[in-house]
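1. A predicted structure for the sequence below; I have some questions about it.
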Amino acid sequence: MADPMVPYSDQSICEASVRRISFKNMSMCAVRLTGRATVLASVLSSLLVAGINSQADATAPHVRLYVLGDSLAGGSSQGGKGSHGWPSLVAEQLGLTLRLDAKGGTGYTTGGRQEGGRPYTQRIKQAIAAKPDVVVVEGSRNDSSPTKTRAAAVDTLRRLRAGLPHARILVIGPIYSFRRPIGSHPIDEAVSAAAEKFNLPHLSPVHRGWFTGSAHQYIGSDGVHPTDAGHAYLAKRIRPELSRLLHT
């Protein structure tokens, strides 16, 4: 004789054979289901996975990125302000928490003409206090003396390395806007030499010909600063290098 129909209820969702499964700090019952109970089980499974993912997101460590630079990092009237700047774009694409210290007109040796502007050498304490996991030092086309720039860059990078012994540091040379490749530049060579002194990875926009040729279209009407599209262009070139640095 067939079993009588059992009304759908909380008590009739699953059959016997229940066992305990441990999943990190959570536990769930594994049940063998039949009929309409399968639908409810699917919903419960989705909710459980969502809960686990939410817990993972909440407890995942945030990698802190600190960018020290000039207006080529901070943006200008031509573009790259806020979320449109390459620091923000790179941070978002790599899932990093950004702290940006970029002031127009500044560099390793100069504080520029803007109020509150200070050379990089005077902004190291602030960078160290932020306790970043990754530091990018960019610039600077505002520096003019190769000898003074090298000395200031060595001082800047030495203090960063000493104050943040476990942080990863990427050095990006001055970002110029020449239409044609120039091969080398004294300020870029000075920054490169300082980075090599501490065995730090260094990106040379000069050697790589950034913004030359067809890429010059991404420079604004002032002939110096990138547009929003130019900052997106920079992000595409900086992100892979930073990603490799994070995974070494």
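-> Arrived safely, thanks for sending.

2. I'd like to know how far Val191 sits from Thr97.
-> To Thr97, Val191 is 26 Å away according to C-beta to C-beta, to the nearest Å. From N, CA and C alone the C-beta is placed, and that goes for glycine too.

3. more crowded one of the two?
-> Per other C-beta atoms under 10 Å, whichever of Val191 and Thr97 has more neighbours is Val191, with 33 against 13.

4. part of a strand, is that one?
-> No. Under DSSP: H, G, I helix; E, B strand; the rest coil, Val191 sits outside any strand and is assigned helix.

5. that one contacts Tyr108, correct?
-> Yes. With contact defined as C-beta atoms under 8 Å, Val191 and Tyr108 form a contacting pair (7.5 Å).

6. so the closest residue to Pro132 other than its chain neighbours, which of the three states?
-> Using C-beta to C-beta, 6 or more residues apart in numbering and skipping residues adjacent in sequence, the residue nearest Pro132 is Tyr66, 3.6 Å away. Three-state assignment for Tyr66 (three-state DSSP): strand.

7. was I right to think Tyr66 contacts Leu96?
-> No. Using C-beta under 8 Å, Tyr66 makes no contact with Leu96, being 9.9 Å away.

8. common neighbours of those two, please.
-> Both Tyr66 and Leu96 are contacted by Val134, under the criterion C-beta atoms under 8 Å, 6 or more residues apart in numbering.

9. what ranges in the chain fall below the confidence cut-off?
-> 1-61 (pLDDT under 70).

10. still on that earlier bit, tally up the residues packed near the residue nearest to Pro132, please.
-> Tyr66 has 26 neighbours, counted by other C-beta under 10 Å.

11. for Ser221, see how far away it is.
-> For Tyr66, the distance to Ser221 - C-beta to C-beta - is 31 Å.

12. over to Val171?
-> Taken as C-beta to C-beta, the span from Val171 to Ser221 is 29 Å.

13. ok, Lys131 next?
-> Distance, Lys131 to Ser221, using C-beta to C-beta: 39 Å.

14. looking at the two, which is more packed in?
-> Per other C-beta under 10 Å, whichever of Lys131 and Ser221 has more neighbours is Lys131, with 13 against 9.

15. ok, that one to Thr97 distance?
-> From Lys131 across to Thr97, the span is 11 Å (C-beta to C-beta).

16. try Thr156
-> Distance from Thr156 to Thr97, counting by C-beta to C-beta: 23 Å.

17. so what's the residue nearest the centre of the chain up against?
-> Central residue of the chain (C-alpha atoms, centre = their mean): Ala91, 2.9 Å from the mean position. Taking C-beta under 8 Å, 6+ apart, we find Ala91 in contact with Leu65, Thr97, Leu98.

18. spatially nearest residue to the second one (excluding sequence neighbours)?
-> Taking C-beta to C-beta, 6+ apart, and ignoring the residues beside it in sequence, Thr97 has His62 as its nearest neighbour in space, at 4.6 Å.

19. helix, strand, or coil at Gly223?
-> Secondary structure for Gly223, judged by three-state DSSP, is coil.

20. that older thread, what's across from the residue nearest to Pro132 in the sheet?
-> Arg99, Val135 (DSSP bridges).

21. can you start the count at 8 instead of 1 from here on
-> Taking 8 as the first residue, the last one we looked at is Tyr73.

22. show me what contacts it?
-> Each residue near Tyr73 by C-beta under 8 Å, 6+ apart is listed here: Arg106, Leu107, Asp108, Ala134, Ala137, Pro139, Val141, Val142, Val143.
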